[in-house]
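K.L.:
Need a 3D model of the sequence below.
(chains A and B)
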Amino acid sequence: IAGITQAPTSQILAAGRRMTLRCTQDMRHNAMYWYRQDLGLGLRLIHYSNTAGTTGKGEVPDGYSVSRANTDDFPLTLASAVPSQTSVYFCASSDSAGGSDTQYFGPGTRLTVL
Amino acid sequence: GQNIDQPTEMTATEGAIVQINCTYQTSGFNGLFWYQQHAGEAPTFLSYNVLDGLEEKGRFSSFLSRSKGYSYLLLKELQMKDSASYLCAVRDNDYKLSFGAGTTVTVRA
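P.N.:
Next up, the predicted model:
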């Protein structure tokens, strides 16, 4: 069982380019999340999905979009990358959004926008 | 909104005890989580508190006081492998997590 996988592991991207970060989980978790982690700021929620077919905005959604066509996949798209989107991106999932259900994190994608 | 504060760095000696404090001011509260994150790796779950009191799990314990907006993570019998960042996270009434910036703990021999 892989848990949560993310691709690519790292990427250098020219500003203005479109980029999709992939996230797949094999735990049949209902809820999935995208965070960015920047030095001194901690993890910040970008978008989330409580169940397949639904998505919601987190704390820092501008410049990002997501889709949740099925339970397993939750891709994050940067339509036109800007240098301020340079960050480490973590995908996470949980069985449900409430109770004591914890979020399990993928290994992360390190993105550099030049 | 959420405001979560924790110290930036702490240093302790192998075998010692370290207490990482976390204070929060939130618009809603539905549980507090502690995660461990080694450099270059993903965060991993350590503990969960939703009621006041102490939760003990081996060498790690976590305490919560909802009336004071306060939690701490206690690491006992420190080992070198405990050198990591420790993240405090509060879940709001919409079940979304807000994280503190993290506390980097360095364990010295």
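K.L.:
How about stretch B:88-95 and chain A, touching?
P.N.:
Yes. Counting by Cβ under 8 Å from any Cβ of the partner chain, contacts between stretch B:88-95 and chain A involve B:Ala89, B:Tyr95. Quick note: C-beta positions are derived from backbone N, CA and C, even for glycine.
K.L.:
For stretch B:44-51, output the C-alpha coordinates as PDB.
P.N.:
Extracted as PDB, the C-alpha positions of stretch B:44-51 are listed here (Å, rounded to 0.1, in the frame of the first residue of the first chain):
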ATOM      1  CA  THR B  44       3.400  12.700  10.400                       C
ATOM      2  CA  PHE B  45       0.600  12.600  13.000                       C
ATOM      3  CA  LEU B  46       1.600  12.500  16.700                       C
ATOM      4  CA  SER B  47      -1.400  13.300  18.800                       C
ATOM      5  CA  TYR B  48      -5.000  14.600  19.000                       C
ATOM      6  CA  ASN B  49      -6.800  16.400  21.800                       C
ATOM      7  CA  VAL B  50     -10.400  17.600  21.700                       C
ATOM      8  CA  LEU B  51     -11.200  17.500  25.500                       C
END
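K.L.:
which residues are there in chain A that come within reach of chain B?
P.N.:
With the criterion set to Cβ under 8 Å from any Cβ, chain A comes near chain B through A:31, A:33, A:35, A:40-45, A:48, A:50, A:58-59, A:90, A:97-98, A:100, A:102-108.
K.L.:
tally of neighbours for B:His38?
P.N.:
By other Cβ atoms under 10 Å in any protein chain shown, 13 other residues sit near B:His38.
K.L.:
Can you list the low-confidence ranges for the chain?
P.N.:
No chain specified, so I'll use chain A. By pLDDT under 70, the low-scoring segments of chain A are A:1, A:97-100.
K.L.:
I was after chain B.
P.N.:
Those would be B:1, if you go by pLDDT under 70 across chain B.
K.L.:
Would you tell me which residues of it are close to chain A?
P.N.:
Neighbours of chain A within chain B, by Cβ under 8 Å from any Cβ: B:4, B:30-31, B:33, B:41-45, B:48, B:50, B:87, B:89, B:95-102.
K.L.:
Please list only the buried members of those.
P.N.:
B:4, B:30-31, B:33, B:42-43, B:48, B:87, B:89, B:95-102 (16 or more other Cβ atoms under 10 Å in any protein chain shown).
K.L.:
what about the most centrally placed residue in chain A, distance to A:Arg17?
P.N.:
Residue closest to the average C-alpha location in chain A (Cα atoms, centre = their mean): A:Trp34, at 2.8 Å. Plainly put, A:Trp34 is 19 Å away from A:Arg17 if you go by Cβ to Cβ, to the nearest Å.
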